[in-house]
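> the following block contains a protein sequence and its predicted model.
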Amino acid sequence: MKRNTIKWRIFKYNIIVIIMLITLTTIIFNVAIHFYLEKDIVTQLNKIAFNAEDTALQHGPDFFKKMPPTAPPDHNLQNNKLPPIDPQDTSDVFKYYFMLERSLKEPLTLLNADFILLDQNKVRITPFPDKHDSTSPDLIKQLINEISKYNTNNQEKYISFNLSSTNYIAIIKPVSDKNSFGLGWIIIYSNIQQINQLQLGINLILLLILIFSALITIVFSSKVSNKISEPFSHLNQYISYISERNFGNKIEMPVYDELCELVNNINIMSEKLETHDKAQKTFLQNVSHEFRTPLMSIQSYTEGIKYDVIDSNSAVPIILSEIKRMTSLVEDLLYLSRLDAIEENYNYSNLNFNGLINRCVDSMNLISENSNITLTINLPKEVVKIHGDEEKLSRAITNIISNCIRYATSVVIIELKILDNEKRAQLIISDDGPGFESNELPNIFERFYKGAKGNCGLGLSISKNVIEKLNGKISASNSKTGALFLIELPIDIN
């Protein structure tokens, strides 16, 4: 999978999101379960301690009534034992311990709880003072140290600590003020290794679930990224076809709404490129034909002069006429190419549209008189101001007037109107000639388009290009008397 593709980016971001979700889920879950278990452990331990305290205080007088007064404690834990008691006392203490152990088993809990009894001198009470039991001396020392930190002797305290790599939690309940038989503290403690192992097991299960979910998500993400990137692959292939000038095919495939506009624009672009390609080929064919005809004429008359077949006095005017025609054609081609160029500059200025039209008509008077055509002008009294390039706009209007003179029978009418509440000016140029054929109208402004009754040329194409560059519109139609051209330009209201 390439790294600069949409597919890779979608896949990469999904992987990042998956990793972040796994990390956040693991952290949040562990924090939540830690607080939950800690709270639950304290609750369970408190319940056990309550039962043990209730049992110890309720039945303590039955077992400790024969015990002699306790001796001052020896805080060296190796000798931290009660003074010797008789066998009857040992039996009572044993029974007392057995009863307390039973009270620890009654609550349903995950804790493996145990207890330690201390007298008021912080000396442990045990039925086996001379025997080793399961309670670590270090554990007893740790608990007694916690009791020594109390400011008062009647404050219940929860503690958690680590001893020999084992985690413990304990509740210390002072009961010296609740009994008269010498019991000072009841300590309920439990190691929470089992709870930690349970949490570890839950984490392993959670990790397996997350890994499995991540794998499913990765597979799904890969398929989704493939599905998203597939239209772009088709578009890329189709655009490569366009680059090879294969414009005929259209993109016909289901795409997302976000790509519909792109696909439609590419199809429209393809159609326009195909139209442009055909127009360009037609243009080149017409240009070659337009140049070939005068060149052949020039060549023929030149050879006739060379071999004394044609009189030079009659041939030279024809040759000069053809040369003039070719020169005019080349000038029009160069002018149109400049208009098409992006860097072509327009010298904008505020123009008196009435005066510009008059100057265009004046420049065409001689041609119209030679063709016996009358130019009629109908302009409004108020001066119409427009913003444009005088030279280019004059050429555009002159080309249209010239075209009308060529096909008019007797008159060409030029009329200026103001439209849209003095926001747009409309110039109407019409003649009384034969007009256009219905199939000619869509192609009137195409370059070198040749109608059934006309000649090839670039004049109307130049006019259309200039008018549109000046934010105007131009159109051609048939009137009741002949051809009709409409030019609309925005009025300069400043």
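Arrived safely, thanks for sending.

> how about the helices in the stretch 251-400 of the chain?
257-306, 312-340, 353-370, 390-407 (DSSP state H, counting those that start in this stretch).

> mind putting those helices into CSV with distance to Ile205?
C-beta here means a position set from N, CA and C on the backbone, and glycine is covered the same way. What follows is these, written out as CSV (distance: least, CB to CB, whole Å):
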stretch, distance to Ile205
helix 257-306, 41
helix 312-340, 72
helix 353-370, 86
helix 390-407, 81
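
> which of these is buried the deepest?
helix 390-407 (a mean of 21; mean count of other CB atoms under 10 Å).

> distance from that one to the middle of the chain?
The chain centroid and the centroid of helix 390-407 are separated by 52 Å under CA atoms, centre = their mean, to the nearest Å.

> ok, the helix or strand that that helix is followed by: who's next to it in the sheet?
Moving toward the C-terminus from helix 390-407, the first helix or strand encountered (DSSP states H and E) is strand 411-419. Applying DSSP bridges to the sheet, strand 411-419 is found paired with strand 374-378 (parallel), strand 424-431 (antiparallel).

> what's the most buried one of those?
Per stretch, and counting mean count of other CB under 10 Å, the top mean among the strands paired with strand 411-419 goes to strand 424-431, which has a mean of 21.

> run the chain-centre distance for that strand.
Remark: strand 424-431 is offset 50 Å from the chain centroid, using CA atoms, centre = their mean.

> in the protein, which helix or strand is least confident?
Counting by mean pLDDT, DSSP states H and E, the chain has its least confident helix or strand at helix 87-105, which shows a mean of 62.

> after that helix, which helix or strand is next?
That would be, after helix 87-105 and using DSSP H and E, strand 114-119.

> which elements pack onto the following helix or strand past that next one?
Later in the chain than strand 114-119, the nearest helix or strand by DSSP H and E is strand 124-125. Counting contacts by 3 or more CB pairs under 8 Å, 6 or more residues apart in numbering; DSSP states H and E, strand 124-125 packs against strand 114-119.

> export the strand it packs on to PDB, keeping only CA atoms.
Below are the C-alpha coordinates for strand 114-119, written out as PDB (Å, rounded to 0.1, in the frame of the first residue of the first chain):
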ATOM      1  CA  ASP A 114      -7.900 -13.000  59.200                       C
ATOM      2  CA  PHE A 115      -7.800 -11.200  62.500                       C
ATOM      3  CA  ILE A 116      -5.500 -10.200  65.300                       C
ATOM      4  CA  LEU A 117      -6.500  -9.400  68.900                       C
ATOM      5  CA  LEU A 118      -4.500  -6.900  71.000                       C
ATOM      6  CA  ASP A 119      -5.100  -6.100  74.600                       C
END
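
> parallel or antiparallel, list what pairs with that strand.
Here, using DSSP bridges, strand 114-119 pairs with strand 124-125 (antiparallel), strand 183-191 (antiparallel).

> average model confidence for the first one?
The average pLDDT for strand 124-125 rounds to 78.

> also the last one?
Averaged across strand 183-191, pLDDT comes to 81.

> what angle separates whichever helix or strand comes after that strand from helix 257-306?
Reading on from strand 183-191 to the C-terminus, the next helix or strand found by DSSP H and E is helix 193-243. For helix 193-243 against helix 257-306, the angle by axes from the mean of the first three to the mean of the last three CA atoms, to 10 degrees is 20 degrees.

> out of the strands paired with strand 411-419, nearest to Thr293?
Proximity to Thr293 (CB to CB) singles out strand 424-431 among the strands paired with strand 411-419, at 26.4 Å.

> CA atoms only: put the helix or strand just after that closest one into CSV for me.
Note on strand 424-431: by DSSP H and E, the next helix or strand toward the C-terminus is helix 459-469. The C-alpha trace of helix 459-469 is given here as CSV (Å, rounded to 0.1, in the frame of the first residue of the first chain):
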residue,chain,number,x,y,z
GLY,A,459,-14.6,38.6,-37.7
LEU,A,460,-17.6,37.3,-35.8
SER,A,461,-15.3,35.1,-33.6
ILE,A,462,-13.3,38.2,-32.7
SER,A,463,-16.4,40.2,-31.9
LYS,A,464,-17.7,37.4,-29.6
ASN,A,465,-14.4,37.1,-27.8
VAL,A,466,-14.1,40.9,-27.1
ILE,A,467,-17.8,41.3,-26.0
GLU,A,468,-17.6,38.4,-23.5
LYS,A,469,-14.2,39.7,-22.1
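
> for the following helix or strand past helix 459-469, packing partners?
The C-terminal neighbour of helix 459-469 among helices and strands, as given by DSSP H and E, is strand 473-478. Using 3+ CB pairs under 8 Å, 6+ apart as the contact criterion, the elements in contact with strand 473-478 are helix 459-469, strand 483-490.

> direction included, what does the shortest one pair against?
As defined by DSSP bridges, the strand partners of strand 483-490 come to strand 424-431 (antiparallel), strand 473-478 (antiparallel).

> give me the contacts around the last one.
What that stands for is strand 473-478. 435-436, 441, 444-445, 460, 463-464, 467-468, 483-488 (CB atoms under 8 Å, 6 or more residues apart in numbering).

> please apply the same query to the longest one.
Contacts made with strand 424-431 from outside it, assessed by CB under 8 Å, 6+ apart, are listed as 353, 357, 384, 386, 397, 400-401, 404-405, 407-409, 411-419, 479, 481-491.

> got a list of what His34 touches?
By CB under 8 Å, 6+ apart, the contact list for His34 reads Gln199.

> what separation do you get for it and Lys141?
Using CB to CB, to the nearest Å, we find His34 at a distance of 28 Å from Lys141.

> now Ser160
Going from Ser160 to Lys141 by CB to CB gives 17 Å.

> likewise for Val309?
Val309 sits 139 Å away from Lys141, going by CB to CB.

> those two: who's more crowded?
Set Val309 next to Lys141 and count neighbours by other CB atoms under 10 Å: Lys141 wins out with 14 against 11.

> the more buried one: which element?
Element membership for Lys141, per DSSP H and E: helix 137-148.

> after that helix comes which helix or strand?
Heading C-terminal from helix 137-148, the first helix or strand you meet, by DSSP H and E, is strand 157-163.

> alright, I will stop here.
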